[in-house]
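>>> Have a look at this fold, sequence not included:
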């Protein structure tokens with residue numbers, strides 16, 4: 001089940017006046033559960049998850065640096081690697097959960113299962129101020145985002161009305177794992193700055209608008225991965241697939257699967273364009289199924305007069 005789309009919010013706002021009164025509010029505005037709570041005066045209470053597993057280097061680095069920045073951080077993340085799980089949640093009658101150390105919970109399920117357990121049990125009675133998912137290996141750009149467990153963890157937070165940020169480290173040409181791990185330091189340092197900015201701009205309001213999260217893609221800069229990006233860009237999700245799957249018949253009823261990068265010219269202002277230019281891409285996203293007002297109006301015209 002995929003319940004994710006990243007929106008060019010400015011474009012939607014520009015289109016809305018021309019169609020005012022023609023589109024139901026539910027189709028024009030992100031929903032995302034109840035309104036988020038105002039930012040507290042003290043440290044933020046953060047539910048930290050990922051899709052690489054609770055003991056992966058990215059989430060441990062994020063835990064250390066977000067805690068050092070003064071936040072109250074609790075890891076509630078998958079027990080094992082769940083990359084590519086998307087927004088999957090379990091429908092099994094029971095789920096195994098471990099509590100291997102203080103402030104760390106390991107859920108034998110998807111990132112969505114982890115966040116749901118965290119909100120229901122670990123943060124029972126008082127929701128966290130923010131869900132942070134990542135940082136994880138590899139980019140979550142363009143259509144890859146639709147299948148990302150990293151983004152899926154953030155979406156689970158948005159579904160419950162909690163502001164959420166997904167963090168990913170990597171470009172479309174994958175460097176060696178050591179270089180990517182090195183780049184996770186700058187990724188998490190940027191996340192700390194981003195959260196500080198959101199807090200400063202929120203004043204007495206919520207960190208982000210109702211139902212809105214951020215999908216952050218940090219490129220790997222420099223031969224050692226420790227370089228500084230060329231800037232920060234507010235982007236939208238590029239429409240292209242990026243990855244292409246190839247299947248080879250093994251002749252025994254199985255097929256060998258290969259995945260290659262099939263990169264086309266990125267759209268101007270997109271996440272792919274920004275990361276390719278060495279910039280950090282920050283894409284606003286929501287967690288509902290609705291199209292924007294223009295697509296809704298076009299579809300309504302296509303269906304006009306249709307009878308059962």
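Structure's in. What do you need? Just so it is clear, the model here is predicted, and its values are computed rather than measured. Numbers count the residues shown, from 1 in each chain.
>>> If you count neighbours, what's buried in the longest helix belonging to the chain?
As assigned by DSSP state H, the longest helix anywhere in the chain is helix 177-202. When burial is assessed from 16 or more other Cβ atoms under 10 Å, helix 177-202 yields the following buried residues: 179-188, 190-192, 194-195, 198. C-beta coordinates here come from the backbone N, C-alpha and C atoms, glycine included.
>>> What of stretch 294-308?
Applying 16+ other Cβ under 10 Å to stretch 294-308 flags 294, 296-297 as buried.
>>> Tell me which other helices or strands the longest helix of the chain touches.
Applying 3 or more Cβ pairs under 8 Å, 6 or more residues apart in numbering; DSSP states H and E, one finds that helix 177-202 contacts helix 57-68, strand 130-137, strand 164-169, strand 213-218.
>>> Now that we have those, can you turn them into TSV and tack on mean pLDDT, mean neighbour count and distance to residue 267?
TSV is the format used below for those (pLDDT from 0 to 100; neighbours: other Cβ atoms under 10 Å; distance: least, Cβ to Cβ, whole Å):
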stretch	mean pLDDT	mean neighbour count	distance to residue 267
helix 57-68	97	19	28
strand 130-137	96	30	24
strand 164-169	97	29	19
strand 213-218	96	28	15
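>>> Residue 146 is nearest to which of these?
With Cβ to Cβ as the criterion, residue 146 lies closest to strand 213-218 of the helices and strands packed on helix 177-202, at 11.2 Å.
>>> Output the contacting helices and strands for that closest one.
So strand 213-218, by 3+ Cβ pairs under 8 Å, 6+ apart, packs with helix 149-159, strand 164-169, helix 177-202, helix 271-276, strand 280-286.
>>> of the ones you listed, which approaches residue 219 most closely?
Proximity of those to residue 219 was assessed by Cβ to Cβ; the nearest stretch is helix 271-276, lying at 4.9 Å.
>>> where's the closest one relative to the chain centroid, distance-wise?
What separates the centre of helix 271-276 from the centre of its chain is 16 Å, taken as Cα atoms, centre = their mean, to the nearest Å.
>>> So which bits of that helix are buried?
Those would be 271-276, for helix 271-276 by 16+ other Cβ under 10 Å.
>>> Output those in TSV, with pLDDT and distance to residue 138 appended to each entry.
Listed next are these as TSV, based on pLDDT from 0 to 100; distance: Cβ to Cβ, whole Å:
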residue	pLDDT	distance to residue 138
271	95	13
272	95	14
273	96	18
274	96	16
275	95	11
276	94	15
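>>> Which of those residues lies at the shortest distance from residue 58?
Closest approach to residue 58 among the buried residues of helix 271-276 (Cβ to Cβ): residue 275, at 16.9 Å.
>>> Could I get the pLDDT score of residue 292?
Confidence at residue 292, expressed as pLDDT, is 82.
>>> what's the answer for residue 44, then?
Residue 44 carries a pLDDT value of 94.
>>> Who are the contact partners of it?
71-72, 128-130, 195, 199 (Cβ atoms under 8 Å, 6 or more residues apart in numbering).
>>> how close does it get to residue 158?
Per Cβ to Cβ, to the nearest Å, residue 44 is found 17 Å from residue 158.
>>> The residue nearest to residue 55 when sequence neighbours are not counted: what secondary structure?
Leaving aside its sequence neighbours, residue 55 sits nearest to residue 106 (Cβ to Cβ, 6 or more residues apart in numbering; 7.9 Å). On the three-state scheme (DSSP: H, G, I helix; E, B strand; the rest coil), residue 106 is labelled strand.
>>> which residues does residue 106 bridge with?
On the basis of DSSP bridges, residue 106 is bridged to residue 77, residue 98.
>>> Report pLDDT for it.
In this model, residue 106 carries a pLDDT of 98.
>>> The longest helix of the chain versus helix 57-68: what angle between them?
Angle, helix 177-202 to helix 57-68, by axes from the mean of the first three to the mean of the last three Cα atoms, to 10 degrees: 40 degrees.
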